[in-house]
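Asks: test case, fold it:
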Amino acid sequence: MKTFTYCTVLVLTFAAVMPAVAQDRVGPGGLPGVALDPFATADQCDSFDVTLTPFQTSMGYTFGVTPLVQSSKSSVDFYNSLISAQSISRLHKIDGDNNQFGVVFAEFGGSFNGIVGALVDFYPDNPTALSVTRAVAAMNGQNANQSNASFGIGSVDADGNILFRADDYQANGPNPVAGSNIVHVDMESRNCGALNIVSSLGLSDAGAGQFVLSNQGSAHGVPNIGPEALFGSIPHYMGANFDGQLRYGPVSGSIGATTNHRTGTSDHRGAVAYMTRNVPCVAGSNGIAGVLSKSLAGGGATESISIWAVAPDGGAVNGTQTLLTLPATVTDNGTGEVKDNAANENEFDHYHSQTAFRGGVSQVALGVDQAGRLLASAVVYEFGASYDNPINYIAIARVDCDNSLTEWTIVAYTSGGPFADPALSKRIYDADGEEIGRIAEMYEVTGGSPNGPSMSAPMIDSVGNVWFISAVELYKVDQQGVPFSDFDSALIRGIYDPTTFSYELELVMELGQVFLGQESGFEYQIGFMGIADSDSISSGTAFSSNISELAYDGLPAGSDWDTADPRALGGLIVNVDINYDNNGEGGLPDGFFNDPTSSNYDASKPADDSYQVALYIGYVGEETEPCPFDLDGNGAVGPGDVGVVKNSFGCDINLPECAALDFDDNGAVGPGDVGAVKNEFGPCP
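Replies: Predicted coordinates:
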């Protein structure tokens, strides 16, 4: 377990200093809720345990989910603050049988900006049980109305080092920062008895970190981190500025500048991507980095990804620079869909509007497959790179060093144009190979506000699978057997076939899905999982650093694992709003998730709790026993499953989905089946 300083003279384990306040918790229902106060010294650091709830994807693979860390409460009018960009450490820190990883996000509300981090410990032989140490790493003022800076994430390593960006946007405090600033905070060094306010005076908790860069006249984007474990016990900064330079160096030393990371280009765009793994043809020992770029032959289009080996000082290793440029046509090797880029009208994006300043990191995803081939991926906007373009596809390049071969394919795509049939987009499948939905354009979900984009940045796991959040149309059938379309956002996994270099899509998680909170004992519903803001990609959606690059145990994936194996996921986080069912009649669940801060609030029913959380998804161990009475798939049998049965009263027993609910085998779904479900109340085995 990590140690945190509490006051200036004592060094105690985090659990010994602070009371356990789990983040899967609720109040009596309704405001003010139970989120932690970022301005209270007692809430600066906290220790608690969370437990993963098993659930299955559309293809039948089992993962686990838990609300890992809530944001802080900065306003009396809301349960807690909004979450902006997030990141999870690329590596795990392995100490004997214990694994540790880091998580961080930026939060905001009104004038308030904060940085919240956590170190998470677990044992790979029991991956469902996580021990979390949460810290308010930094904030921008002494109260919710004071702002000395605005923040953007940023990145974190497994030792608790956080890098974030600070500027003076909407600053009203007494000591606002100036220019572009890169700030380092070490969670392990936080004085848990004091606030850590970032201002032009530095950090108020001076021992917790320092400014890496301060008052830069040139705009600098959100930073990435070279982890302490790989860079001589000192974390290193890597980031892009608006002068086309890579800035790099130790967080407590001299910061260099170079343009030799992007040979053959006129400029770069977006945040620097980083992974710790190496490949022979981009030879180095400190990992590989990448960034979107404009090739000299591209006519000004952002149609390339610049790749380089990272030097021990965080810069680029000369001679390793590689330029991956979108070819004239890109084909989905699984479906045959072809995207035409001959006129350079298709460009990589997700870097416009606020993303350079608020995150996330990065637009480019990097990975290595089980054969040691380099993977690099990003989202393409078709027919011009307007900030809110909904016509997108995820392109991915594969570099085979042994054969000097670079190939391209497509992971996912929307319909392909403003006049194309939306139904031409890529399909999503279940375990039987049946279509259950498709990738949709954002305007189909929202009605046009926002218009797009339609998918988050890609995230690559340890074997080359690509995860992303997307607008979707899901094909569903109501309890009377009537088909309908459900337009939502959803977490999707593109399962990698290395033989054909193709991807098949499965549904991992969708809006409205319900899970049991293992610590709270209440069900919660996924209420919001964002992709776009009012005019561009949202900083609160997923970017490439939302996923671990290694397998569940912090090691490279087994060479003989199937790529769909859940062990390949070393963990990912997504920013969601969860609505609990914690305040029905008599304080018991009533089957409603009634958020009083939502426009959908029903004042005739009791108010429940709703929180912004970093939701963690990871491996839960070997397959669990079947749980046939868990009809809503939330990991337990409870009121939600009774609701499924009641809503099916009178359904057509000839339909398989109806017959499956006839637990008493009397030829109809009725009260006897409700009784059968109630007899099974409790967690699934």
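Asks: mind showing which ranges of this protein have poor pLDDT?
Replies: Residues of the chain meeting the criterion pLDDT under 70: 1-22, 385, 417-419, 584-588, 623-626, 685.
Asks: Ala676 - that's part of a helix, no?
Replies: Yes - applying DSSP: H, G, I helix; E, B strand; the rest coil, one finds Ala676 inside a helix.
Asks: hang on, isn't it packed against Leu631?
Replies: No - with contact defined as Cβ atoms under 8 Å, Ala676 does not count as touching Leu631 (11.3 Å). C-betas here are computed from N, CA, C, even on glycine.
Asks: the two - which one has more neighbours?
Replies: Using other Cβ atoms under 10 Å as the criterion, Ala676 and Leu631 rank with Leu631 on top: 19 against 16.
Asks: quick one, phi psi at the residue positioned nearest the centre of the chain?
Replies: Central residue of the chain (Cα atoms, centre = their mean): Val574, 3.3 Å from the mean position. Note on Val574: its backbone torsions stand at phi -130, psi 150 [degrees, to the nearest 10].
Asks: give the contact list for it.
Replies: Val574 makes contacts with 86, 469, 491, 529, 542, 546, 614-615, 617, as judged by Cβ atoms under 8 Å, 6 or more residues apart in numbering.
Asks: make it 10 Å
Replies: Applying Cβ atoms under 10 Å, 6 or more residues apart in numbering to Val574 gives the contacts 65, 83, 86, 456, 459, 467, 469, 491, 508-509, 526, 529-530, 540-542, 546-547, 613-617.
Asks: quick revisit: now the common contact residues for Ala676 and Leu631.
Replies: 645, 661.
Asks: now the helices for this protein?
Replies: Remark: helices assigned in the chain by DSSP state H are 14-17, 355-358, 442-446, 639-646, 656-659, 671-678.
Asks: that older thread, just the ones of the contacts of Val574 in strands?
Replies: Using DSSP state E, the subset of the contacts of Val574 located in strands is 65, 83, 86, 459, 467, 469, 491, 508-509, 526, 613-617.
Asks: pull the most distant pair out of those residues.
Replies: Farthest pair in the ones in strands among the contacts of Val574 (Cβ to Cβ) is Ile83 and Val508. Separation: 19.5 Å.
Asks: right, so the helices of the chain: which one is the most enclosed?
Replies: helix 355-358 (a mean of 24; mean count of other Cβ atoms under 10 Å).
Asks: tell me the helices and strands packed up against that one.
Replies: Using 3 or more Cβ pairs under 10 Å, 6 or more residues apart in numbering; DSSP states H and E, the elements in contact with helix 355-358 are strand 82-88, strand 150-156, strand 161-167, strand 265-275.
Asks: so who does Gln612 touch?
Replies: 35, 67, 69-72, 78-83, 105, 107, 109, 527-528, 540, 575-578.
Asks: so Val620 makes contact with Pro566?
Replies: Yes - Val620 is within contact range of Pro566, at 7.5 Å (criterion: Cβ atoms under 10 Å).
Asks: joint contacts of these two?
Replies: With Cβ under 10 Å, 6+ apart as the test, Val620 and Pro566 both reach 62-64, 127, 552.
Asks: and those residues, which are buried?
Replies: With burial judged by 16 or more other Cβ atoms under 10 Å, the buried subset of these is 63-64, 127, 552.
Asks: closest one to Ser353 out of those residues, please.
Replies: Of all these, Phe63 has the smallest distance to Ser353: 32.1 Å, by Cβ to Cβ.
Asks: surely that closest one touches Glu506?
Replies: No - checked against Cβ under 10 Å, the pair Phe63 and Glu506 is beyond contact range at 11.1 Å.
Asks: which residues do those two both contact?
Replies: Contacts common to Phe63 and Glu506, judged by Cβ under 10 Å, 6+ apart, are 57, 493.
Asks: and the end-to-end length of stretch 31-48?
Replies: 23 Å (Cα to Cα, to the nearest Å).
Asks: pull out the buried positions in that stretch.
Replies: Buried residues in stretch 31-48, defined by neighbour count with 16+ other Cβ under 10 Å: 33-36, 38-39, 43-48.
Asks: what sits against Gly643?
Replies: With Cβ under 10 Å, 6+ apart, Gly643 has these contacts: 514, 589-592, 631-632, 674, 677.
Asks: repeat the analysis, applying 6 Å as the threshold.
Replies: Gly591 (Cβ atoms under 6 Å, 6 or more residues apart in numbering).
Asks: likewise for the one 5 residues further on?
Replies: With contact taken as Cβ under 6 Å, 6+ apart, Ser648 is in contact with 479, 661, 669.
Asks: my guess is the last one contacts Ala660. True?
Replies: In this case it means Val669. No - between Val669 and Ala660 there is no contact under Cβ atoms under 6 Å: 9.4 Å.
Asks: neighbour count winner among these two?
Replies: Val669 (26 against 12).
Asks: please report the distance of the more buried one from Gly638.
Replies: Val669 is 18 Å from Gly638, where distance means Cβ to Cβ, to the nearest Å.
Asks: what do you get for Gly141?
Replies: 43 Å.
Asks: equivalent analysis for Gly334, please.
Replies: Counting by Cβ to Cβ, the gap from Gly334 to Gly638 is 39 Å.
Asks: so between those two, which is more surrounded?
Replies: Comparing Gly334 with Gly638 by other Cβ under 10 Å, the one with more neighbours is Gly638, at 27 against 19.
Asks: can you pull the contacts of the more buried one?
Replies: Taking Cβ under 6 Å, 6+ apart, we find Gly638 in contact with Phe681.
Asks: try the one 3 residues further on
Replies: By Cβ under 6 Å, 6+ apart, the residues touching Asp641 are 631-632, 677.
Asks: which of the helices and strands packed on helix 355-358 is buried the deepest?
Replies: Counting by mean count of other Cβ under 10 Å, strand 150-156 has the highest mean neighbour count of the helices and strands packed on helix 355-358, with a mean of 30.
Asks: that one vs strand 161-167, what angle?
Replies: Calculated by axes from the mean of the first three to the mean of the last three Cα atoms, to 10 degrees, strand 150-156 forms an angle of 160 degrees with strand 161-167.
Asks: cool, thanks, signing off.
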